[in-house]
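Student: Got a predicted structure plus its sequence, pasted below:
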Amino acid sequence: MSDRQQVTNSRGERIAIVAGLRTPFAKQATAFHGVSALDMGKMVVNELLSRSEIDPQLIEQLVYGQVVQMPAAPNIAREIVLGTGMNVSTDAYSVTRACATSFQSAVNVAESIMTGNIEIGLAGGSDSSSVLPIGVSKKLAHALVDLNKARTFKQKFAIARRLGLKDLMPVPPAVAEYSTGLSMGQTAEQMAKTYNISRADQDALAHRSHTLATETWNSGVLQQEVMTAHIPPYKQFIDRDNNIRENSVLESYAKLRPAFDRNHGTVTAANSTPLTDGASAIILMSEGRAKALGYQPIGYIKSYAFTAIDVWQDMLMGPSYATPLALKRAGMELEDLTLIEMHEAFAAQTLANMQMFGSKKFAAEKLGRNRAIGEIDMSKFNVLGGSLAYGHPFAATGTRLITQVCNELKRRGGGTGLATACAAGGLGVAMILEVE
Ligand SMILES: CC(=O)SCCNC(=O)CCNC(=O)[C@H](O)C(C)(C)COP(=O)(O)OP(=O)(O)OC[C@H]1O[C@@H](n2cnc3c(N)ncnc32)[C@H](O)[C@@H]1OP(=O)(O)O
């Protein structure tokens, strides 16, 4: 099998990203409090269809995802088709790949175009950390099923007596690994310790992210890719990400207590992504169809790769595994890239990956390469700020990164850009985008 990846359809046409859009990202329980992932998904898809002036009848497939599931609407993609002005016969299904979810939806649509099954599709993801599927304890769930089966009052009373007060408490979903029970923050703590990443370096990266994101918003370029979201019942709206600290002061970071290891930790609220609400989407087409319809694509997918490692130790290393594979598939080296965009789940996780990009030892032992992936040139790295500042609605981050990289490449006169992310489950993704 060739190392190179051919991201084209059978006519040799590339996979074009024609447009991308997102809602502003809002911290948990703020602007989007009470607005579900589905409602945010519908908002962004509606606005994207309208801004791109595409006839919705032309969209053959919608692949969409969410990480925190809505039990009432398990196939969010289909609900978006039915709840927007789309053609009811548009095929729609949902995917989940933790924080890499909308990379997966983008790849699924791209692969449908590559096989010739479709010419035009829509991909994206949405997550709400404010409208959550609050559950019940295992004991209460068990008792409720038994109560349903019980016939007599005596049987029902005996079941109810099995429950203590704490069994009645609601249980929110955990941002934790199912198989280890470790939260993402605890994994970031592991990584800070394994790779000797200081609190000062973590705080400095977070400060950089907030400073660059503020400059980016103030420059006016994000209006192109971020919509104004009107919040039902439409008395309020949000038109700018609200996690970004516009007057970020590095000294104030040092005052915060660690969030996940109170006594010995270095990971704090300031150097972690916050729990966030938001949605994003992109439109993909075969190059030929895009041209025929008169679209000027914002970018093309050159290569992509998904990888997986074990989950017990330092599992948020996805970029260090997926990036070399995507580069190899594109026939490129890190230094050939114009931009490098890495999802900042935590500053510790980002810095650990950056360190391993430059490590010959890591390359030899983990990747079987005789040279490091490459030192990261900071003038190319997360140049508009990253997830630490923008926030991270899990399933929406992938298509945010893809759109942001393409638009920034365009502003720089073209080139190639990497968008890469870690994800729960030890997963990693990297995608190389090219812009003319
Ligand atoms: C693959 C992946 O992406 S894995 C990542 C998945 N995502 C996660 O796991 C989410 C991780 N984040 C979290 O769980 C939460 O954001 C936490 C636990 C870190 C923090 O939660 P909270 O304590 O609710 O954060 P909150 O926003 O209230 O901030 C706490 C304090 O820090 C302060 N703070 C936050 N950021 C900054 C900053 N940049 N500078 C100065 N102070 C700050 C806040 O003002 C607040 O101060 P206050 O208590 O005086 O009001």
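Tutor: Yep, that arrived.
Student: what's the neighbour count on residue 93?
Tutor: For residue 93, the neighbour count with other Cβ atoms under 10 Å is 15. C-beta coordinates here come from the backbone N, C-alpha and C atoms, glycine included.
Student: hmm, I was thinking of residue 239
Tutor: Residue 239 is flanked by 14 other residues according to other Cβ under 10 Å.
Student: Ramachandran angles for the closest residue to it other than its chain neighbours?
Tutor: Nearest residue to residue 239 in three dimensions, chain neighbours excluded: residue 228, at 4.1 Å (Cβ to Cβ, 6 or more residues apart in numbering). With angles defined as degrees, to the nearest 10, residue 228 shows backbone torsions of phi -90, psi 130.
Student: Which positions in the longest helix along the chain come out as buried?
Tutor: Looking across the chain with DSSP state H, the single longest helix is helix 199-219. For helix 199-219, the neighbour count (16 or more other Cβ atoms under 10 Å) marks 199, 201-214, 216-217 as buried.
Student: following that helix, which helix or strand comes up?
Tutor: Toward the C-terminus, helix 199-219 is succeeded by strand 229-231 as the next helix or strand (DSSP states H and E).
Student: rewinding a little: what's the local residue count around the residue nearest to residue 239?
Tutor: Other residues near residue 228 number 13, with proximity taken as other Cβ under 10 Å.
Student: now swap in residue 87 and tell me
Tutor: A count of nearby residues for residue 87, using other Cβ under 10 Å, gives 12.
Student: Tell me the confidence at it?
Tutor: pLDDT, residue 87: 96.
Student: Near the ligand, which residues of the stretch 301-436 of the chain are found?
Tutor: Residues of the stretch 301-436 of the chain that fall close to the ligand, judged by Cβ under 6 Å from any ligand atom: 316, 345, 392, 422, 423, 424.
Student: which bits of the stretch 101-250 of the chain sit near the ligand?
Tutor: With the criterion set to Cβ under 6 Å from any ligand atom, the stretch 101-250 of the chain comes near the ligand through 175, 184, 185, 206, 210, 245, 248.
Student: Report the contact partners of the first one.
Tutor: This means residue 175. By Cβ atoms under 8 Å, 6 or more residues apart in numbering, residue 175 lies in contact with 183, 184, 185, 275.
Student: mind redoing it with 6 Å?
Tutor: 183, 184 (Cβ atoms under 6 Å, 6 or more residues apart in numbering).
Student: Which two among the residues of the stretch 101-250 of the chain next to the ligand are spaced furthest apart?
Tutor: Farthest-apart pair in these is 175 and 248; separation 24.0 Å (Cβ to Cβ).
Student: returning to that earlier point: adding pLDDT and secondary structure, write the residues of the stretch 101-250 of the chain next to the ligand out as CSV.
Tutor: CSV is the format used below for those (pLDDT from 0 to 100; DSSP: H, G, I helix; E, B strand; the rest coil):
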residue, pLDDT, secondary structure
175, 84, coil
184, 97, helix
185, 98, helix
206, 98, helix
210, 98, helix
245, 98, coil
248, 97, coil
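Student: what's the burial count for the residue lying closest to residue 318 once chain neighbours are set aside?
Tutor: Once flanking residues are discounted, residue 318 sits nearest to residue 428: 2.2 Å by Cβ to Cβ, 6+ apart. For residue 428, the neighbour count with other Cβ under 10 Å is 29.
Student: Correct me if wrong, but residue 428 is in a helix.
Tutor: No: with DSSP: H, G, I helix; E, B strand; the rest coil as the criterion, residue 428 is assigned strand and is not in a helix.
Student: Dig out what it forms beta bridges with.
Tutor: For residue 428, the beta-bridge partners under DSSP bridges are residue 307, residue 422.
Student: doesn't residue 320 make contact with it?
Tutor: No: checked against Cβ atoms under 6 Å, the pair residue 428 and residue 320 is beyond contact range at 7.5 Å.
Student: how about residue 274, what does it touch?
Tutor: Listed by Cβ under 6 Å, 6+ apart, the contact partners of residue 274 are 27, 243, 391.
Student: can you map out the helices along the protein?
Tutor: Using DSSP H, the helices of the chain run over 37-52, 76-83, 101-114, 138-149, 153-160, 184-194, 199-219, 250-253, 287-292, 318-330, 347-357, 360-362, 387-390, 397-411.
Student: Could you identify which of the ones you listed is most buried?
Tutor: Of all the helices of the chain, helix 387-390 has the most neighbours on average by mean count of other Cβ atoms under 10 Å, namely a mean of 30.
Student: Give me the mean pLDDT for it.
Tutor: The average pLDDT within helix 387-390 is 98.
Student: same deal with stretch 337-352?
Tutor: Mean predicted lDDT for stretch 337-352 stands at 98.
Student: Start and end of it, how far apart?
Tutor: Its start and end residues considered, stretch 337-352 measures 20 Å (Cα to Cα, to the nearest Å).
Student: can you list the residues that contact it?
Tutor: Stretch 337-352 has contacts (Cβ under 6 Å, 6+ apart) with 188, 191-192, 195, 197, 201-202, 205-206, 267, 271-273, 316, 319, 380-381, 386-388, 397, 401, 405, 415-422.
Student: Go through the residues of the stretch 301-436 of the chain and report the one nearest to the ligand.
Tutor: Shortest the stretch 301-436 of the chain-to-the ligand distance, computed as Cβ to the nearest ligand atom: residue-wise this is residue 345, at 3.2 Å.
Student: and residue 29, how many neighbours?
Tutor: When counting by other Cβ under 10 Å, one arrives at 13 neighbours for residue 29.
Student: re the thing from before, and the residue nearest to residue 318, what is it in contact with?
Tutor: 307, 318, 321, 322, 422.
Student: do the same with residue 36
Tutor: Residues near residue 36 by Cβ under 6 Å, 6+ apart: 128, 131.
Student: Quick check: the gap between it and the ligand.
Tutor: 19 Å (Cβ to the nearest ligand atom, to the nearest Å).
Student: Next: residue 66.
Tutor: Residue 66 is 14 Å from the ligand, where distance means Cβ to the nearest ligand atom.
Student: And for residue 100?
Tutor: Residue 100 sits 8 Å away from the ligand, going by Cβ to the nearest ligand atom.
Student: what number of residues lie near that residue?
Tutor: For residue 100, the count of nearby residues is 33 (other Cβ under 10 Å).
Student: do the same with residue 386
Tutor: Close neighbours of residue 386, defined as other Cβ under 10 Å, add up to 28.
Student: again with residue 178
Tutor: Using other Cβ under 10 Å, residue 178 has 9 neighbouring residues.
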